[in-house]
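**Student:** Kindly generate the corresponding structure for this input.
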Amino acid sequence: MKISATIITKNSARTIEKTLNSLSFIDEIIILDNGSTDDTLKIASSFHNVKIHIAEFIGFGPLHNLAIEKAHHDWILSIDSDEVITNELKQALEKQHLDSDCVYSFAFQNILFGKKVRHSGWYSDRHIRLFHRNKTKFSDDFVHEKILTEGLKEIRFKDHIEHHSYLEVSDFLRKLQIYTDLFKEQNLGNPSSFSKAFWHGCFAFFKTFFLQLGFLDGKNGFIIAFYQFQTAFYKYLKLWEANRKC
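**Tutor:** Next comes the predicted model:
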């Protein structure tokens, strides 16, 4: 079964080589770049199975669907530029008989500062990433996009995808800014307030650190919980500010 992998990139030079190496068994890799200024495209172009396309940022959901349109094969494996297919998962994929009436999900092993996260709501999260493009696509959400699954059966792979999303503290700050801005744009006009922002932030911390046992991840668990507080707090605070300006 021929599979096309699709990857959205922007300044992914630190992680893209490891990601592409893990996809050596894939016939075609579509990279849709949003204006990288580092060595992302130089690294990607050295792989024989990579095809590079350029597009402006139009939201994560629409971008994923645009990348899917550029693929030659109907089976799509959607991978982020900081994710790595393990050897165990590669072997499982090569053996799997694919059914177009099914979508396929994978467990994710998040790596923070070189250490596996065992709790904090980051283990093991699961996402659908393999599907037939004639049966489904991504939602059109600007952020927190997902595969549409109505009428389709989910098949769950037990093997992991490694996720190397946060290599430095600055990665938290960069993603905080991106995702809170996108949330504001996507939800403009919906009610928000300072108190709503504060209590959403508090609950996010409590859920991550206590209910999802983040304290068992030590200092990394606290960092994740505090990041969840900030993300929830600032996305509703930005929405409140934007609504007041309308």
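**Student:** hey, let's count contacts and neighbours off CA atoms from now on
**Tutor:** OK.
**Student:** Longest strand of the chain, counting residues only.
**Tutor:** strand 153-166 (DSSP state E).
**Student:** And it, what's buried?
**Tutor:** 157, 159-166 (16 or more other Cα atoms under 10 Å).
**Student:** Any chance of the residues you listed in JSON lines with distance to Ser124 and pLDDT as columns?
**Tutor:** Below are the buried residues of strand 153-166 laid out as JSON lines (distance: Cα to Cα, whole Å; pLDDT from 0 to 100):
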{"residue": "Phe157", "distance to Ser124": "12", "pLDDT": "96"}
{"residue": "Asp159", "distance to Ser124": "11", "pLDDT": "93"}
{"residue": "His160", "distance to Ser124": "9", "pLDDT": "91"}
{"residue": "Ile161", "distance to Ser124": "10", "pLDDT": "96"}
{"residue": "Glu162", "distance to Ser124": "11", "pLDDT": "96"}
{"residue": "His163", "distance to Ser124": "11", "pLDDT": "95"}
{"residue": "His164", "distance to Ser124": "14", "pLDDT": "93"}
{"residue": "Ser165", "distance to Ser124": "15", "pLDDT": "84"}
{"residue": "Tyr166", "distance to Ser124": "16", "pLDDT": "92"}
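**Student:** Any chance of a markdown table for those, columns distance to Asp217?
**Tutor:** Formatted as a markdown table, the buried residues of strand 153-166 follow (distance: Cα to Cα, whole Å):
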| residue | distance to Asp217 |
| --- | --- |
| Phe157 | 25 |
| Asp159 | 22 |
| His160 | 19 |
| Ile161 | 20 |
| Glu162 | 17 |
| His163 | 17 |
| His164 | 16 |
| Ser165 | 17 |
| Tyr166 | 15 |
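**Student:** Quick one: neighbours of the nearest residue to Ala55 once chain neighbours are set aside, just the number.
**Tutor:** Leaving out its chain neighbours, the residue that sits closest to Ala55 by Cα to Cα, 6 or more residues apart in numbering is Asn34, at 5.4 Å. Asn34 has 17 neighbours, counted by other Cα atoms under 10 Å.
**Student:** Model confidence for Asn34, exactly?
**Tutor:** Note on Asn34: pLDDT of 96.
**Student:** check contacts around it.
**Tutor:** By Cα atoms under 8 Å, 6 or more residues apart in numbering, Asn34 lies in contact with 8-10, 54-57.
**Student:** which sections of this protein are below the confidence cut-off?
**Tutor:** Nowhere does the chain drop to pLDDT under 70.
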